[in-house]
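S.K.: Sequence and predicted structure are below.
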Amino acid sequence: MTRSPDADKMHKALKQIVVPYLRQQGFKGTFPHFRRLTETKIDLLSFQFRIQGGGFFIDLASSTLDGFVDGSGNLVPPNKLNAYYGIFNGTSHRLSPTDSSDYEFIYRPEPGLEDRYLKYAQFASVYYGDDNSKYERIATDVLTLIQEKADNVFKTLIPALRIAPAKTENLSED
């Protein structure tokens, strides 16, 4: 799927401004999914972009050191994990500058929704304008948010450990 030019600009700004900091903090992975191995767990940070474009979320989760067993009983190894596994297990956190549990960074506001954005301001940061500096401002705000809040959130997260349903065999005697 081809991204829009504004999505490309947003990706580029996050890669230039935020990703170097994540690397300094020990995160590995490829944008938009990052992992940091600690002594007791794996910290996961993912940028989740809206499928229709125009905005993204920052999801944090953690996993046990040996990976994650999905609903089909398949092991997702540590090097393939992302924060979405925590979302499915209910052990994730969406990073927010407010106390909101669901927060979005909107870089392409939809025309006519200004009143809605104002009404739900605690759930989104909306950035207006067409200049390229907008994307750098967003990435800088994201960096500040990660610097100020991410490590404290990671300390509170319970590692995602999803146990697949047991596969039962017919053990009845004939």
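M.R.: Happy to help now that I have it.

S.K.: Which residues are in contact with the closest residue to V19 other than its chain neighbours?
M.R.: Residue nearest to V19 in three dimensions, not counting chain neighbours: F31, with 6.2 Å by C-beta to C-beta, 6 or more residues apart in numbering. From N, CA and C alone the C-beta is placed, and that goes for glycine too. For F31, the contact set (C-beta atoms under 8 Å, 6 or more residues apart in numbering) comprises H11, L14, K15, V19, F47.

S.K.: and the fourth one, what are its phi and psi?
M.R.: Spelled out, it's V19. phi -60, psi -40 (degrees, to the nearest 10).

S.K.: Around it, how many other residues sit close by?
M.R.: Other residues near V19 come to 19 when the count uses other C-beta atoms under 10 Å.

S.K.: picking up where we left off before, which members of the contacts of F31 occur in helices, if any?
M.R.: H11, L14, K15, V19 (DSSP state H).

S.K.: what about the second one, distance to F68?
M.R.: L14 sits 25 Å away from F68, going by C-beta to C-beta, to the nearest Å.

S.K.: Tell me the buried residues in stretch 133-143?
M.R.: K134, Y135, E136, R137, I138, A139, D141, V142, L143 (16 or more other C-beta atoms under 10 Å).

S.K.: Just those residues: which are in helices?
M.R.: Per DSSP H, the buried residues of stretch 133-143 map to helices at K134, Y135, E136, R137, I138, A139, D141, V142, L143.

S.K.: Let me see the contact set for the third one.
M.R.: Contact analysis of E136 by C-beta under 8 Å, 6+ apart lists A13, I17.

S.K.: now do the fifth one
M.R.: With contacts defined as C-beta under 8 Å, 6+ apart, the neighbours of I138 are M10, A13, F105, Y107, S125, Y127.

S.K.: Could you rerun that using 10 Å?
M.R.: The contact partners of I138, taken as C-beta atoms under 10 Å, 6 or more residues apart in numbering, are 9-10, 13-14, 17-18, 55-56, 105-107, 125, 127.

S.K.: Same question for the last one.
M.R.: Taking C-beta under 10 Å, 6+ apart as the criterion, L143 is in contact with L14, I17, V18, V19, P20, Y21, L22.

S.K.: In the residues you listed, which residue is surrounded by the most others?
M.R.: V18 (25 neighbours).

S.K.: pretty sure that one is touching F105, no?
M.R.: No - V18 is not in contact with F105 according to C-beta atoms under 10 Å; the separation is 11.4 Å.

S.K.: Mutual contacts of those two, please.
M.R.: F47, I58, I138, A139, D141, V142, L145.

S.K.: In the residues you listed, find the pair that's most separated.
M.R.: Using C-beta to C-beta, the shared contacts of V18 and F105 span at most 13.4 Å, a distance reached by F47 and D141.
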